[in-house]
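A.B. asks: Sequence and predicted model, in that order:
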Amino acid sequence: MTARTDTTARTESTTRSAAAGRRPADAQAPGLARLAGLIADETRAACLLALLDGRAWTAGELARHAGVAASTLSEHLGKLVAGGLLAEERQGRHRYVRLADARVAQLVEDLAAQVAPETLRRPRNLREASAGSAMARGRTCYDHLAGRLGIAVTDALTGRGLLRQDTGFALTDAGVTWFDEAGIALPRTGRRPLARACLDWTERRPHLAGVAGAALCRHALDAGWCVRVGSERAVKVTPPGERALSELLGIEPALLR
């Protein structure tokens, strides 16, 4: 009896120790499960993807975009805000929402990049096909340039020795100087990296993100190098933009069209 009791006690002690040893590693599991649950809904996923344009949308705009009733979308937005993925503000009768921060944008873009092209729904009409073509040509990925435009800029920066990709994305000293001489300010506040690779979900290659990517995108829009196309994230390079990018980075205009 004593031997069995001792064996049972040792077994129970080992089980408790193993369980206790797992707790630190499993502490993040509930939070990860909640996060996955928030994203694992087609309507909420559509809202997150739309908000990758970096702008604030009204609840009504997102409802029309997602193709659901305003009351339905309001419930979804409440969950996304409570889960920390969206931030909201009210102006008068309007409720505006946006992605909470750049980390959320990175998460959404990285997940979108994992969706294989062959699994994407084919466009149902010419309008959808045109919109998809425009997004592939050039778009904003939260606050930086993506699509063929983003890749062309990233390749040009790399080819001129302004950006290094061999040891991770990093601006060189010449790259920092280039931004300064081009009149593109690089804010150095906060913990956001100066340069970061973001996997492009249409090109399947990394484009420039981080502080430098955001500064370049903001300058391109403010200077009129690029203009937004429709209500989607698509952007189009203007003739002045083609000239500027050709002069500053040697990018052939044909690559931007």
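C.D. replies: Noted; the coordinates are in hand. Please read these numbers as outputs of a predicted model, since none were measured by experiment.

A.B. asks: show me where pLDDT drops low in the stretch 51-200 of the chain?
C.D. replies: The model of the stretch 51-200 of the chain has pLDDT under 70 over residues 116-132.

A.B. asks: show me where it has helices.
C.D. replies: Per DSSP state H, counting those that start in this stretch, the stretch 51-200 of the chain carries helices over the ranges 59-66, 70-82, 102-113, 126-137, 147-159, 173-181.

A.B. asks: okay if I get these as JSON lines plus mean neighbour count?
C.D. replies: C-betas here are computed from N, CA, C, even on glycine. Output for the helices of the stretch 51-200 of the chain, formatted as JSON lines (neighbours: other C-beta atoms under 10 Å):
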{"stretch": "helix 59-66", "mean neighbour count": "18"}
{"stretch": "helix 70-82", "mean neighbour count": "16"}
{"stretch": "helix 102-113", "mean neighbour count": "18"}
{"stretch": "helix 126-137", "mean neighbour count": "14"}
{"stretch": "helix 147-159", "mean neighbour count": "22"}
{"stretch": "helix 173-181", "mean neighbour count": "14"}
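
A.B. asks: so which of those comes closest to residue 198?
C.D. replies: helix 102-113 (6.0 Å; C-beta to C-beta).

A.B. asks: Packing partners of that closest one?
C.D. replies: helix 42-50, strand 196-199 (3 or more C-beta pairs under 8 Å, 6 or more residues apart in numbering; DSSP states H and E).

A.B. asks: contact partners of the helix or strand just after the shortest one?
C.D. replies: Read that as strand 196-199. Sequence-wise, the next helix or strand downstream of strand 196-199 (DSSP states H and E) is strand 206-209. Strand 206-209 is contacted by residues 106, 141, 144-146, 150-151, 153-154, 157, 163, 165, 169, 195-200, 213, 216 when judged by C-beta atoms under 8 Å, 6 or more residues apart in numbering.

A.B. asks: Apply 7 Å and report the result again.
C.D. replies: 144-146, 150-151, 153-154, 157, 163, 169, 195-200 (C-beta atoms under 7 Å, 6 or more residues apart in numbering).

A.B. asks: gap between that strand and the chain center?
C.D. replies: 10 Å (C-alpha atoms, centre = their mean, to the nearest Å).

A.B. asks: and it, average pLDDT?
C.D. replies: The pLDDT scores in strand 206-209 average 93.

A.B. asks: one step back: let me know which of the helices and strands packed on helix 102-113 is the nearest to residue 70.
C.D. replies: Short answer: helix 42-50, nearest of the helices and strands packed on helix 102-113 by C-beta to C-beta, at 12.2 Å.

A.B. asks: winner for burial among the helices and strands packed on helix 102-113?
C.D. replies: For these, the stretch with the most neighbours on average is strand 196-199, a mean of 20; neighbours defined as mean count of other C-beta atoms under 10 Å.

A.B. asks: distance of residue 95 from residue 86?
C.D. replies: For residue 95, the distance to residue 86 equals 11 Å [C-beta to C-beta, to the nearest Å].
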